[in-house]
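*Asks:* need a 3D model of the following:
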Amino acid sequence: MGLPEIKKELAASDNFLVTCHLNPDGDALASLLGMCSLLKAMGKRAVAISPDPVPRRYLFIPGADEVIPFRDSDGQGPFDAVVFLDVGAQDRITKVSEFITDKMKIINIDHHPSNDGFGDAAWVDGSYSATAEMLHELFRSLKIVPDADTALALYVGIITDTGRFRFSNTSSRCLATAAALVELGADPSLAAEKVFYTTPAIVISTLRKFLSRVEQHEEGKIVYSYLNLDELEIDTEGFIDNISGIHDVVISILMQQVSEDKYKFSLRSNDDEVDVSAIASKYNGGGHHKAAGCRIKGTFDDVKAEILDICTKALYNQE
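*Replies:* The predicted model follows:
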C-alpha cells in the first residue's frame, strides 16, 4: 500500500474523523490541520479530534483553535472514515478510538519506521522528515495548492520534527519542501518566534527543576531526569534536548509521571548503533532510531531502575 491507496480512500468517503497521537507535537498538529484543509478542498467534511488539547505554543497557527480535544468531542460523529496522522501504533489515540466503528475505513499516514502499516490504506515512509512533509506531497499529488495558513502549519511540522533543520532527517527534499511552503505563504520568522522563542514563565520554572534532577550514568553516556505528576499539564516539549546535548551523552531519558502508577518516557540516541525505537517497542511504544517513546506501569523506583537497565544493555549491545 502507499500514496495511490490513500488517494483512493480519501476520494471514497465524505465524512472524516482526523486524529493524531497523544500529547500532539508540532508535526501531529500540522498534519491534522493540513489534512482537514485538504479534505475540505476536496468537498469533504473533516473533524479534527486530538486525544489531548493543543499546546499553547501552537495556538498561533490558524485553525489550531478548531482542533477539538477528546474531552469536548461529544456529538461529533458518526464518521465514514478515520485518518490517523503521525500515529506510530493504532492504540496511541486512546479514547478517540471510541468514535471508530467496524464500518469505518481506517487511513494511516505516518513517517515513523516502527509503524506496522495498520488500516485499510497505509502510507508509511520513514524517509520523510515529518508527516507534515508527506502531507505536502499528498497535496501535490492531488494537484491541490495549500493556502498560506496550511503552508504555515506544514512548515511548523517540519521545523519541529527536524529540530530546526539540525537532525539527521533533514534531507534535501525536506529543505525543498520547506522552501516551497515559504513560497506559498509560510512565515519562517513567525514560526520560529512562536514555537521556539516565546516561553511562559512556568515552563522556565519547570525546566529549572527538571535540570536540577539530572543524573549521569555509565560515565556520562546515559543521562536521565524526570517530571512529576503535578507537572503533567505544563508544555515540556523540547526539555529532553537540553540534556541530550550534554558532552559524551549517548542515550538521554525523560521520565514523566502520567498517573499514580504509569510513566511516559522520551528517549533519544546520539549514536547510530543505539536504536531507542527498539527499546520503546519492548513496551509497545515506538518512534525513530534516534527518537522514541513508550509508557511503563509500576512504581517510580522500579520503573526508573528498569529503564536505566535496558538502556545500559542497549549502550553495550547486550540485547
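*Asks:* looks like Ser269 contacts Ile251 (just checking).
*Replies:* Yes: with contacts counted by CB atoms under 8 Å, Ser269 reaches Ile251, the gap being 5.7 Å. Heads up, the C-betas are built off the backbone N, CA and C, glycines and all.
*Asks:* what sits in contact with each of those two?
*Replies:* Overlap between the neighbourhoods of Ser269 and Ile251 consists of Val276, taking contacts as CB atoms under 8 Å, 6 or more residues apart in numbering.
*Asks:* now do the SS call for Arg295.
*Replies:* Using DSSP: H, G, I helix; E, B strand; the rest coil, the structure places Arg295 in strand.
*Asks:* for it, give its distance to Phe118.
*Replies:* Going from Arg295 to Phe118 by CB to CB, to the nearest Å gives 19 Å.
*Asks:* what do you get for Ala48?
*Replies:* According to CB to CB, Ala48 stands 20 Å off from Phe118.
*Asks:* more neighbours: those two, which one.
*Replies:* Of the pair Ala48 and Phe118, Ala48 is the one with more neighbours under other CB atoms under 10 Å, namely 27 against 16.
*Asks:* does anything pack onto the one helix or strand the more buried one maps to? Which helices or strands?
*Replies:* With the criterion set as DSSP states H and E, the secondary-structure element containing Ala48 is strand 45-50. Applying 3 or more CB pairs under 8 Å, 6 or more residues apart in numbering; DSSP states H and E, one finds that strand 45-50 makes contact with strand 15-20, helix 26-41, strand 68-69.
*Asks:* out of these, nearest to Asn317?
*Replies:* Among those, helix 26-41 comes nearest to Asn317, with 30.4 Å by CB to CB.
*Asks:* all helices of the stretch 151-300 of the chain, in order?
*Replies:* Listed from the start of the chain, the stretch 151-300 of the chain has helices (DSSP state H, counting those that start in this stretch) covering 172-183, 188-196, 201-212, 241-244, 276-281, 300-315.
*Asks:* so which elements touch the fifth one?
*Replies:* Right, the one you point to is helix 276-281. Using 3+ CB pairs under 8 Å, 6+ apart, the elements in contact with helix 276-281 are strand 262-269, strand 286-287, strand 291-297, helix 300-315.
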